[in-house]
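Could you work out the structure for the sequence below:
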Amino acid sequence: MELSDLQTFSAVARLGGITRAADELNTVQSNVTQRVKALEAEIGTALFERHSRGMTLTGAGRRLLPYAEQMAALSREALLAARDDGEPKGPLSIGSMETTAAVRLPALLAEFHRRFPAVQLSLRTSTTAELVAGVLTGTFDGAFVAGPIDHAELDATVAFREELVLVTARRWQSLGALRAGTPGSGPTALVFRIGCTYRQRLEQVFSEFGWPSATRFELGTLDGMIGCVAADMGVTLLPRAVVGRNDTVNVHALNPVQARVETLFITRRTAHRYSALQGFASCLNGNGEVIAA
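Numbering: from 1, shown residues only. Sure thing, here's the model as predicted:
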């Protein structure tokens with residue numbers, strides 16, 4: 001198998017279509033189509049199901065994807081290791097939860113860019129589950145995720161400590177009023193997609209409040225989440241630092257067990273810690289606390 005074919009296959013799988021993959025790979029759509037068909041011919045089975053909304057993986061495609069991602073990541077890592085002369089430069093791929101990227105990372109990224117301007121940093125947001133998988137496959141050099149994380153192949157540093165709060169519309173002045181005013185299954189839970197740790201924590205809180213069967217409504221952006229809460233569509237769980245002094249919503253403190261969460265910066269234990277990643281880690285040193293393996 002050609003590595004370039006596997007890289008093209010991975011891009012189509014992740015982005016869900018030929019057009020978006022061609023844009024990311026900076027090539028023409030016909031080249032992407034040709035490489036995918038060549039890979040399918042070599043393997044002897046279809047890797048994608050084609051439909052009007054794009055392309056989705058077949059069973060064979062799902063089985064191939066983790067290997068393709070690992071091979072592409074290993075190739076990238078080998079190239080970067082060979083070029084690493086001790087001066088931080090070149091590409092660096094970091095993943096983050098959207099809430100962390102919105103509030104905690106701007107100052108950190110600005111400091112990193114000031115100190116290491118030759119590094120081409122890219123930041124992508126996703127859920128904790130997808131970020132962990134991305135670090136393990138090498139898609140990300142490191143990622144900010146919600147703890148706890150206990151994995152033999154990962155190193156973790158505590159980057160930030162957060163207090164989670166229940167966020168409601170302004171008319172709910174207390175948790176007592178919310179519980180009295182939403183009998184039965186309770187209010188709608190506004191959540192990010194499955195794989196989000198804050199979603200899991202909100203579901204635990206709802207279960208403790210007696211609302212295990214509450215309606216879930218998934219949203220894709222932080223701004224959309226806060227806007228829907230302000231419109232009294234439902235309630236959500238977010239770090240207090242994310243909500244800040246927003247006067248369109250109310251925040252309600254939870255007990256310490258429900259509220260405490262650590263944001264961890266994780267890296268793959270066996271990966272080459274090249275200079276760009278070491279430089280990024282050094283910007284965390286002022287706040288970071290290494291978790292013993």
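
List the contacts of stretch 156-164.
Applying CB atoms under 8 Å, 6 or more residues apart in numbering, the set of residues contacting stretch 156-164 from outside is 100, 104, 144, 147, 149, 198, 201, 237-241, 253-254, 258-266, 281, 284, 287-291. Heads up, the C-betas are built off the backbone N, CA and C, glycines and all.

Using CSV, write down the CA coordinates of it.
Taking Å, rounded to 0.1, in the frame of the first residue of the first chain, the C-alpha atoms of stretch 156-164 are listed here in CSV:
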residue,chain,number,x,y,z
ALA,A,156,-0.6,13.5,31.5
THR,A,157,0.1,16.9,33.1
VAL,A,158,-2.6,18.9,35.0
ALA,A,159,-2.9,22.1,33.0
PHE,A,160,-5.9,23.7,34.6
ARG,A,161,-8.4,23.0,37.4
GLU,A,162,-12.0,23.9,36.7
GLU,A,163,-15.2,24.4,38.7
LEU,A,164,-18.2,23.1,36.8
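
Same question for that stretch: list its buried residues.
Judged by neighbour count (16 or more other CB atoms under 10 Å), stretch 156-164 contains these buried residues: 156-160, 162, 164.

and the residue nearest to Ser122 when sequence neighbours are not counted, what element?
Taking CB to CB, 6 or more residues apart in numbering as the measure, Ser122 lies nearest to Ser93, with 5.3 Å between them; neighbours along the chain are not counted. Secondary-structure element containing Ser93, defined by DSSP states H and E: strand 90-96.

elements contacting that strand?
Helices and strands touching strand 90-96, as assessed by 3 or more CB pairs under 8 Å, 6 or more residues apart in numbering; DSSP states H and E, comprise helix 59-83, strand 119-125, helix 128-137, strand 142-146, helix 275-284.

winner for burial among these?
Between the helices and strands packed on strand 90-96, the one whose residues have the most neighbours on average, counting mean count of other CB atoms under 10 Å, is strand 142-146 (a mean of 27).

What strands flank the next helix or strand along the chain from that strand, and is each parallel or antiparallel?
Note on strand 142-146: by DSSP H and E, the next helix or strand toward the C-terminus is strand 154-169. Strand pairing for strand 154-169, determined by DSSP bridges: strand 236-239 (antiparallel), strand 249-253 (antiparallel), strand 260-268 (antiparallel), strand 289-290 (antiparallel).

separation between the nearest residue to Cys196 once chain neighbours are set aside and Glu262?
Beyond its immediate neighbours in the sequence, the residue positioned closest to Cys196 (CB to CB, 6+ apart) is Thr127, lying 4.5 Å away. Using CB to CB, to the nearest Å, Thr127 is found at 16 Å from Glu262.

Looking at the two, which has the bigger crowd around it?
In terms of neighbours (other CB atoms under 10 Å), Thr127 is the more surrounded of Thr127 and Glu262; the figures are 21 against 18.

Next, that one: phi, psi?
Torsion angles at Thr127 (phi, psi; degrees, to the nearest 10) stand at phi -80, psi 160.

give me every residue that touches it.
With contacts defined as CB under 8 Å, 6+ apart, Thr127 is in contact with 97, 192-197.

Let me see the contact set for the residue lying closest to Phe144 once chain neighbours are set aside.
Leaving aside its chain neighbours, Phe144 sits nearest to Ser96 (4.3 Å; criterion: CB to CB, 6+ apart). Applying CB under 8 Å, 6+ apart, we find Ser96 in contact with 105, 123-125, 131, 143-144.
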